[in-house]
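Asker: Predicted model and sequence below, questions to follow.
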Amino acid sequence: MIRPDHPYLSGVRRFLPATGGRRAARSRIVLALALAGMVAGTSAVTTSATVANAAVGATTPASEGVQPARASAARVAALTNGATRTVEYRGLRLTVPAGWAVHDLDRDPRTCVRFDRAALYLGTPGADQRCPARAVGRTEAMLIQPIQPVRPAASAKAPARLGGGAAVRRLVPGAAAQVAAGSSADQEAHFDLTGTGLVATAAYADRPALVEAILADARYDGPKRSGGSRLSVRSGAKAGLSDPPSMPAGSTATRFRGLGFDTCAAPSATTMRAWLASSYRSVGIYIGGVNRACPDGNLSAGWVRTVAGMGWHLTPIYVGRQAPCARQGDLGPIRSTNPGQQGVDAAEDAIGDAKRFGLFPGSTIYNDMEGYDTRDAACRRIVLAFLNGWTKRLHDSGFLSGVYSSASSGIRDLSNAYVSNTFARPDVIWTARWDGRASVWGEPYVADSKWSMHQRIKQYRGPHTESWGGRRIEIDSDRVDSLQGSAKFVHEVISSGDLVTRKGPGAAYPAVGSRRSGTNVGVICQTAGSQVGATNVWDRLADGTYVSDLYVSTPNNRGYSSPIPKCRYSYMVWTDALRVRSGPGTNHPRTGQILYGGMAHVLCQTSGTKVGRSGVWDKLDNGGWISDWYTTATGRPGYTATIPRCS
């Protein structure tokens, strides 16, 4: 962390004039990186996108699930005298001629897609490709890209189309493909690879049989968990989407959307009350770390309860060891020996700090790491290992992982490593780019399709002083649309006798204890349950039990009481575009979608149409419903114990 008077601050704009920030009261650029070539060492050519939809069986409805493919005879080898190479992209395995170039568009979207060269292109072509002024000709080539989102109003029976109006035919990977049929004019064919979330464009000159053979030899294995059951990550990898938080009893995820600020030392409660006159409602708090510059000061469990009760949302920040190639030289670095364990150690320390300040599992803790030299591959590998340990250890304890970084270094590297089966991706990113634009979207180094469901913060303005309610603070300004820290709200039991605590939000759940009238309880969130008197609101306590809100002194005795949040349980989605529906079943109208890697913020679960091996459906905090089969919820294919049943 940098002291407010550190001489380094005078030169900050030389390093990051508009692409990342160093704070006045500390500097935090939490890189997190890993290019796929850096994190996955396989014998096959593995791109930066190696995780795909899972194959869940032929009973999966076509509108929700995916279907497994069967490998056919190796026709490509026969056509190329056996000189082939295997390429994997999001679970789809292709055999292509050994002489073909393979281009990863997810890593470098400016690569020019050219059908005059024998090549395989993987990913979505960028809007600004580096193409020559003039190129003509045609040979055999192929482009595999994720299917673009479809407007909810589009008919499911209408033929799929690519940009420019190109018609798309359906094809199960591994099935015979007649490429030339219906494409003789431009010698291009487009196929929706059923169940994979991918679309293939096959171009050919005089050998359509070659691209037909590539599609016929394609295999879609679907990601797997190490036990062999088909879930989210291929080949038994223990990271990526197979590493969800455990979300134990007494946990909840808290979400906020609006403006926030961060400053080195926690302001006094009096100042925080005065700043309610501002438009800010989220505050960054530095909870610990070897490179934290400002000590606890005002920060305590009592301070957290007080400001949370005022309506402030909290962003916990931990400033641990930094990259050995950090731009600033006086920071405690990550040691080169076993950096992953150092990330685990940092997470354990951060968890202890969070609990000391009254923050509960379900909270997101943000790792603050200084800017680093992106040209130093060894340094980046060290930081990747550190952050991988950080995220996995937080998840093991039911906390969510966030990272803060400059846009041009850490965020760019994180984006390149968005899909990986060796790197546990953080749940939330915090981008530092001081361009004055208070929006988390449209960033140059990370596509809007990544971290797309309330998983972003942007620091859009660096150190400056503001005054509200007669109180001045030097701050950085943030746009927040993300998961935050979860605090406890203390209220009194107002029942006439002992108040029974239950295992779930309703009188039908087993009684597990009681609380005396007149004593205080720590409420962490509220949810809907069975009707008691004039209300169906139930309070979840810090020990994971529930009590009827009718008998607790929250402000609203008939409904939800702000600022107590609704109970949420956040899990990632591992299919390319999971359909959100108006009810718990595939027969209900589609109302939206969650893209691959997005977070599903679940309120409760109920039974519905069976999808894959699960009949469980999740109700989201926006009122929509999704099949639980496509989330990383720990109870699937059944119910997750900590998530209540929908009443």
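Answerer: Received the coordinates, thanks.
Asker: use CA for all of it now, contacts and neighbours both
Answerer: Fine.
Asker: Can you list the strands that the host helix or strand of residue 316 pairs with?
Answerer: With elements taken from DSSP states H and E, the one containing residue 316 is strand 313-318. In the sheet, strand 313-318 lines up against strand 280-288 (parallel), strand 364-368 (parallel) (DSSP bridges).
Asker: Nearest to residue 474, out of the ones you listed?
Answerer: Within the strands paired with strand 313-318, the stretch nearest residue 474 is strand 280-288; the backing value is 12.6 Å (CA to CA).
Asker: could I have that closest one exported to PDB, CA atoms only?
Answerer: The C-alpha trace of strand 280-288 is given here as PDB (Å, rounded to 0.1, in the frame of the first residue of the first chain):
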ATOM      1  CA  TYR A 280     -22.300   7.200  -2.800                       C
ATOM      2  CA  ARG A 281     -23.700   4.200  -0.900                       C
ATOM      3  CA  SER A 282     -20.700   1.800  -1.100                       C
ATOM      4  CA  VAL A 283     -17.400   2.200   0.800                       C
ATOM      5  CA  GLY A 284     -14.200   0.300   0.400                       C
ATOM      6  CA  ILE A 285     -12.600  -0.800   3.600                       C
ATOM      7  CA  TYR A 286      -9.000  -2.100   4.000                       C
ATOM      8  CA  ILE A 287      -9.200  -5.100   6.300                       C
ATOM      9  CA  GLY A 288      -5.600  -6.400   6.200                       C
END
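Asker: what residues does the helix or strand following that strand touch?
Answerer: Counting by DSSP H and E, the element after strand 280-288 in chain order, helix or strand, is helix 301-310. When contacts are taken as CA atoms under 8 Å, 6 or more residues apart in numbering, the neighbours of helix 301-310 outside the stretch itself are 269, 272, 273, 314, 356, 357, 358, 487, 488, 489, 490, 563.
Asker: Emit the PyMOL select command for whichever of the residues you listed are buried.
Answerer: This is how PyMOL selects the buried members of those, with burial counted by 16 or more other CA atoms under 10 Å:
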select buried, resi 269+272+273+314+357+358+487+488+489+490
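Asker: How far off centre is the strand holding residue 316?
Answerer: Chain-centre distance of strand 313-318: 18 Å, with CA atoms, centre = their mean, to the nearest Å.
Asker: Check which element follows it along the chain.
Answerer: Counting by DSSP H and E, the element after strand 313-318 in chain order, helix or strand, is helix 339-356.
Asker: What's the separation between residue 328 and residue 263?
Answerer: When distance is defined by CA to CA, to the nearest Å, residue 328 is 19 Å away from residue 263.
Asker: meant to ask about residue 94, not that
Answerer: Distance, residue 94 to residue 263, using CA to CA: 50 Å.
Asker: re the thing from before, can you redo the strands paired with strand 313-318 as TSV with mean neighbour count and distance to residue 644?
Answerer: Converted to TSV, those look like this (neighbours: other CA atoms under 10 Å; distance: least, CA to CA, whole Å):
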stretch	mean neighbour count	distance to residue 644
strand 280-288	23	28
strand 364-368	31	21
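Asker: so residue 213 sits in a helix?
Answerer: Yes - remark: residue 213 belongs to a helix, assigned using DSSP: H, G, I helix; E, B strand; the rest coil.
Asker: what sits against it?
Answerer: Taking CA under 8 Å, 6+ apart as the criterion, residue 213 is in contact with 74, 75, 76, 176, 177.
Asker: May I ask which of those residues comes out lowest in pLDDT?
Answerer: Summarising pLDDT for these: the lowest-scoring member is residue 74, with 60.
Asker: Toward the C-terminus from the host helix or strand of residue 120, list the very next helix or strand.
Answerer: When secondary structure is defined using DSSP H and E, the element that contains residue 120 is strand 119-122. On the C-terminal side of strand 119-122, the nearest following helix or strand under DSSP H and E is strand 141-146.
Asker: Direction included, what does that next one pair against?
Answerer: Strands flanking strand 141-146 in the sheet, each with its direction: strand 119-122 (parallel), strand 198-203 (antiparallel) (DSSP bridges).
Asker: Between residue 328 and residue 263, tell me which one has more neighbours.
Answerer: Just comparing residue 328 and residue 263: by other CA atoms under 10 Å the higher neighbour count belongs to residue 263, 22 against 16.
Asker: Settle this for me: residue 116 is touching residue 139, isn't it.
Answerer: Yes - taking contacts as CA atoms under 8 Å, residue 116 lies within contact range of residue 139: 5.2 Å.
Asker: would TSV of the strands paired with strand 313-318 with mean pLDDT be doable?
Answerer: Below are these laid out as TSV (pLDDT from 0 to 100):
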stretch	mean pLDDT
strand 280-288	97
strand 364-368	96
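Asker: Thank you kindly, that will do.
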